[in-house]
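Undergrad: Dropping the sequence and predicted coords here.
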Amino acid sequence: MEPMSRRNMLRAGGALGALGAITAASPASAASVWNWSAKGSVAGAGAGADPRWVWDEEADPLVASLIERGDVPMVNTLLRTWKKNGQPLPDGLPADLRDFMERARQLPPWADRTKLRLAVDFNEKRGLYLGVLYGLASGMMSTVIPKEALAVYYSQGGADMKDRISKTAKLGYDIGAVNAYEPDGEMIVTGVKTRLVHAAVRHLLPQSPYWTQVADEDIPISQRDIMVTWHSLPTTVMRKLTDWKVPIPAAESEAFLHSWQVGAHLLGVRDEYIPNSWAQANSQATEVLDPILRPTPEGIKLADILLNLGKDIDGGLLTKGILGSFTRFMLGDEIAGWLKIPRELVWDPLLKTAWGPFIAVREGLLPFPLAPKAYWLFDEFLRKAALLFLSEAKPISIEIPLTNRPT
């Protein structure tokens, strides 16, 4: 029998139709059971299928068709003008793409506008922390998520990491903006465009002679993969804020989670895989994120690129060594060792001894008289890191790729 190709899988009825073929061909992977219960999801129920074998049955065949029809350059040109959530889709889009995007841009029925507005308060109060955490906790963690590191490195984005990181930063910036989900905001646009990019990568990456040699899967960016990355963002952020004993009102914490729940839906994740609470998010992360972290040659290279981003920031505080020290502090010695981050004789012990008191002072839990110079250094670091990892999201167009990394 002729082997089932990626294209034929999609034509046979969507990516879900490939489940039987892939499971039969991958007995070791098939033995990995999805244990997290959909009762803990925003949907409250589900089919129970392991999201490792679920992709995007709507977007995948559509984007594959756009690429094969030669429509992508025209579509990208038109979508550059689509920037705001409430803006009509541009005229001239292919009918099938327009119909999909009109559906995809709708918020789910469970979206709570009150919570989404309250999330703004959380983001405004914790904006400086978020800049550091998105960059040096979430961003650096992504380099030891093997499937993500390989997909990023060998896709088109891997050829220009500055551009790729700016696009990733845009999602973090847009979801934290004052008007994130309002008509004049951009998070819905960013979510839908990113969903189209993921579909394109799922079509293109299996054609890469480099990715196929190192990947342990036939199709990248499954729904499970997206949730792994999702947990590297809000779940990891909340874990660290909790570790730092940052006082957060329960309503604001829940609102922050809700903004990311809606974000996951816009990325095409099925509601049955989106946790309905922080307890459920931590439960799912313990199953799908924590056990899979490990180094890859590609991830080590990506980490080095990330750590060098601060060299152009004015003032010289964000050196590679200091960013590496913060990475070690946030993610631990094991991950720092995997990424070949050297120890810093000054910053490593300084963070261990002074960061906790600094957070307490900053949150008004301790008095500030005679505060050591380290507190001022930390505060300046927070400001510069927020500038680096959030304000890097300068105006940029998220576009459907047509190629993989060429080398």
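TA: That came through fine.

Undergrad: going forward, measure contacts and count neighbours with C-alpha atoms only.
TA: Fine.

Undergrad: what does the domain assignment say about this protein?
TA: By the assignment in automatic domain parsing, the chain contains the domains 59-292, 297-389.

Undergrad: quick one: which of those is nearest V42?
TA: Nearest to V42 among the domains of the chain is domain 59-292 (4.6 Å), distances taken as C-alpha to C-alpha.

Undergrad: I'd like the average pLDDT over the closest one.
TA: Summarised as a single mean, pLDDT over domain 59-292 is 94.

Undergrad: what's the first-to-last distance across that domain?
TA: The straight-line separation of the ends of domain 59-292 (C-alpha to C-alpha, to the nearest Å) is 27 Å.

Undergrad: Deepest in the core, which of the domains of the chain is it.
TA: The highest mean neighbour count among the domains of the chain belongs to domain 59-292 (a mean of 19), with neighbours defined as mean count of other C-alpha atoms under 10 Å.

Undergrad: any idea of the pLDDT on F358?
TA: F358 is assigned a predicted lDDT (pLDDT) of 89.

Undergrad: So that it lines up with my notes, have the first residue be 9 from now on.
TA: Noted, 9 is the first residue going forward, which turns the last one into F366.

Undergrad: That one: what secondary structure?
TA: Assigned by DSSP: H, G, I helix; E, B strand; the rest coil, the conformation of F366 is helix.

Undergrad: That one and Y383 touch, don't they?
TA: Yes: F366 sits in contact with Y383 when judged by C-alpha atoms under 8 Å, with a separation of 5.6 Å.

Undergrad: coming back round to it: tell me which of the domains of the chain sits nearest to T415.
TA: With C-alpha to C-alpha, the closest approach to T415 among the domains of the chain belongs to domain 67-300: 7.9 Å.

Undergrad: OK, contacts around N93?
TA: The neighbours of N93, taking C-alpha atoms under 8 Å, 6 or more residues apart in numbering as the test, are 189-197.

Undergrad: go with 7 Å
TA: For N93, the contacting residues are 190-194, 196-197, taking C-alpha atoms under 7 Å, 6 or more residues apart in numbering as the criterion.

Undergrad: Would you reformat the domains of the chain as JSON lines and include distance to W42?
TA: Formatted as JSON lines, those follow (distance: least, C-alpha to C-alpha, whole Å):
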{"stretch": "domain 67-300", "distance to W42": "9"}
{"stretch": "domain 305-397", "distance to W42": "26"}
